[in-house]
Each structure stands twice: as structure tokens, then as C-alpha cells.
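Trainee: A predicted structure for the sequence below; I have some questions about it.
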Amino acid sequence: MNPRLTEWLLRRVLRPEAAEAACGDLLEEYRDSARARLWLIGQVVSYYLHGGASRLRNVMLAGLAISTVMGLVLRFTALSGQELGKGFQSWIAIVLILDAYTIMRMTHPISDADESLLRLGTRWGLIQSYALITGIFLWSFGPGDIGGIGVSLMLLCALTPFAAGAHLGIKLNSTFAGWRAGIWMALLSGMLVLFATTVTSTAYLWGVFPLLTGHANAHALFLPRLGVSMWLFYLGCPATGIVGGLIGSFAGIRLARTGGPPNTDEALPQ
């Protein structure tokens, strides 16, 4: 690891002045050898693992790992016995790498704008996850029209990233901020939905739901719900988050500028 790469990595998780000071301290003790390079890599990793919103980061990384393992085991062994295709394996690996990077980056705010984005994006993600979990619950267990309400609620959640993008875009006056907010809330909500579904599916397999245990349609009840949750986590939420956050922030900023007061800073005609 060379000094330039070290500084670039530290600037991803530290404010500019802190990154410059940390890089200077590390390079003062660095000596170009195999052992020294390993030491330097370890020091950079420690900055990624500590500082910032460390509690939220640790919880989300643990949740990401648990939800992925439990979801795959339940979906492709315990509930269906199907094999995991190679194409799906590759897609899961790509999504997990991007999710892990997003968690590390977003939970290390390096500016005031980053702190606002993390706080508000987390709120929007929780709102969307609660709505999706409620929709899946109503769809699964609600009688008659209640199940239809649950499906409608899940479909309406596709609009949440547009609202979040517009909110963050207007507040921070940045289309990029709205786009990042969409990605962050999509990751958070998708992971919480998958975690909730895997927990309820595991509880069913362990006999926690006595009315469903041994029921002829019990597998038919949980298998599609788990499939929907995995689709939301690996494709649905990321797609709507990216597109909705970008379009919502762009539209929100445009509307705010169009409907705002005239710019009195411009020079008046002579």
C-alpha cells in the first residue's frame, strides 16, 4: 500500500483535515517492507471499523451477514430444496460487496451534509421498511380484502425513494445527495424486510407458530414471502432507491427553484 492510496482510503471515512493528519502520522512510522505494509493496512482498516456511527455500522454489517445466510439457507434448502444457480451466486456476491462498502462509507460522515444524509436517510429507510413489513404481514395473514391492502401498501412503497430523494435534494441542494439517500434507504429497508421474513420463517420451522406447524399450505405461505423479500433486497429496493432518489432529488430541486422567491442578489438593470 503506497502513501497515495493510504490517503485516498482515509479520505473516504475521515474529514479532510483529520485524514491529512492521520495519513501524516501513519507515514511517519511507515517503512517500506512487507511487515510494514501489513501494519499500514491494519491501521487503515482500524479507521474503517471505528469512529463515526460505529454502533449503527456494526449492527448493519451483522444484520447483512445474518439476513443473507439465513435467507439463502431457508429459501434454497429448508423450504424448497432448490439449488442456488451460479448466476444468482455472482449477483449476490456483487450486491453484498456494494452493500458492505455503502455501510462503511455512509456510517463515516466526513461533512455536515453527510451527517444530515445519514440521519434523514435512515429515517426514510425505517419508514419504508415498516411499511413493507406491514404490507407483507397483511398479505400473508390478512383475510380477504386485507391481503389486497397489504399488496397495495407494498406497491406504494415504490414511491418512498422519490419522496426521500426530493427531501434530501432540496435540503442539501444536491441531486447527488438525493441519489445517495435513495441508495442508503433502499439498503436499510431491504435488509430489515429480509431479516424480518427470515426470522418468521425460522420461527415457523422451529414450531413457534402452532397453528401453522404441520399445515399443508404452510410452506406455500412462507416460501413466496421469503422469495419476495429476497427480490426486494437484491433487486427491487436497490433499483427503486437509485432511480427514485435521483429523479426525486432532481425534480424536487427544480420545483423548489421554480416556486421559490426571486433572486434579489442579481444586479438590477440600470
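Mentor: Ah, there it is.

Trainee: tell me the mean pLDDT over stretch 131-144?
Mentor: Here the mean pLDDT over stretch 131-144 is 83, rounded to a whole number.

Trainee: hmm, who's touching that stretch?
Mentor: Outside stretch 131-144, the residues within contact range by Cβ atoms under 8 Å, 6 or more residues apart in numbering are 146-147, 149-154, 156-157, 160, 189, 192-193, 196-197, 221, 225, 228-229, 232. Where C-beta positions appear, they are placed from N, C-alpha and C, glycine not excepted.

Trainee: what's the PyMOL line that selects buried ones from the residues you listed?
Mentor: Isolation of the buried members of these (16 or more other Cβ atoms under 10 Å) is achieved in PyMOL through the command below:
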select buried, resi 150+153+154+157+160+189+192+193+196+197+221+225+228+229+232
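
Trainee: just the pLDDT for residue 47.
Mentor: What the model reports as pLDDT for residue 47 is 76.

Trainee: now swap in residue 115 and tell me
Mentor: So, for residue 115, pLDDT stands at 88.

Trainee: quick one: the helices in the stretch 151-270 of the chain?
Mentor: Listed in chain order, the helices of the stretch 151-270 of the chain (DSSP state H, counting those that start in this stretch) span residues 160-172, 175-205, 218-231, 237-259.

Trainee: worst mean pLDDT among those?
Mentor: Ranked on mean pLDDT, the bottom entry among those is helix 218-231, at a mean of 74.

Trainee: what angle separates it from helix 237-259?
Mentor: Here helix 218-231 runs at 50 degrees with respect to helix 237-259, directions being taken by axes from the mean of the first three to the mean of the last three Cα atoms, to 10 degrees.

Trainee: packing partners of helix 218-231?
Mentor: Applying 3 or more Cβ pairs under 8 Å, 6 or more residues apart in numbering; DSSP states H and E, we find helix 218-231 packed against helix 54-73, helix 112-141, helix 175-205.

Trainee: buried stuff in the last one?
Mentor: In other words, helix 175-205. Taking 16+ other Cβ under 10 Å as the criterion, helix 175-205 shows 175, 177-198, 200-201, 204 as buried.
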